[in-house]
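Asker: Build the 3D model from these lines:
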Amino acid sequence: MPSDAKILIVDDHEDTLYALESALAPLGYRLGRATSGDEALKQVLRGQVGLLLLDVRMPGVSGLDVVRYMRRLEQTQHIPVVLLTGFGADHELTSTAFGLGVADLVMKPIDPWALRTKVRYLFDAHRRHLALEHEVRELRALVKGHGESDQETAARRPLPHPDARVPVQRGQGAHTGELEQDRT
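Answerer: Numbers count the residues shown, from 1 in each chain. You can find the predicted model right below:
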């Protein structure tokens, strides 16, 4: 995730976008907005999104459709998504959403404090995950570049005998003698 990654807020109602932006502003993260599923997908595919707050029901491409598409692409499948709904708890929606791997399903009206807590955790965890992936790629490249000659050298070197690493214990004879005396 680029250092300029943002949290993308997607809703087809301007007042909801404004309320969510106001709730998240104290976190200090870069925020983006989209008013449709199509617009959200375009921004996600540009690679600048580190977390998506996404309304479930929108005209055209729904929030669930956006998530389905994102999960099929390697570059977007791990971006955390928090789905937002104003239609109350629905078993089918909950089952579908979590089946698609969303991080959370939040009912409107939204508690700003709870939302900030979830967003901070998910956004920071995603950034740490991507930083670790980047570090692993660098280490693999380093090992691949240096590993061939080191592996060839190690393959030619004989392995030490296992007993060669065990230090000799002092006084073993005394214990052996004591055992022999006990047996007689």
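Asker: low-scoring stretches of this structure, by residue?
Answerer: By pLDDT under 70, the low-scoring segments of the chain are 1-4, 147-184.
Asker: Mind jotting down where the helices sit in it?
Answerer: 14-24, 37-45, 63-72, 91-99, 112-156, 172-183 (DSSP state H).
Asker: The longest strand anywhere in the chain vs helix 37-45, what angle?
Answerer: Assignment by DSSP state E gives strand 49-55 as the longest strand of the chain. Relative orientation of strand 49-55 versus helix 37-45 (axes from the mean of the first three to the mean of the last three C-alpha atoms, to 10 degrees): 160 degrees.
Asker: hey, what's V81 bridged with?
Answerer: Note on V81: beta-bridge partners L52, judged by DSSP bridges.
Asker: check contacts around it.
Answerer: L51, L52, L54, V67, M70, G101, V102, A103 (C-beta atoms under 8 Å, 6 or more residues apart in numbering). For every residue, glycine as well, the C-beta is placed using N, CA and C.
Asker: Isn't the last one up against V82?
Answerer: I take that to be A103. Yes - counting by C-beta atoms under 8 Å, A103 does reach V82; the two are 5.6 Å apart.
Asker: on that earlier part again, got JSON lines for the helices of the chain, with distance to H78 too?
Answerer: Listed next are those as JSON lines, based on distance: least, C-beta to C-beta, whole Å:
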{"stretch": "helix 14-24", "distance to H78": "21"}
{"stretch": "helix 37-45", "distance to H78": "12"}
{"stretch": "helix 63-72", "distance to H78": "9"}
{"stretch": "helix 91-99", "distance to H78": "16"}
{"stretch": "helix 112-156", "distance to H78": "7"}
{"stretch": "helix 172-183", "distance to H78": "58"}
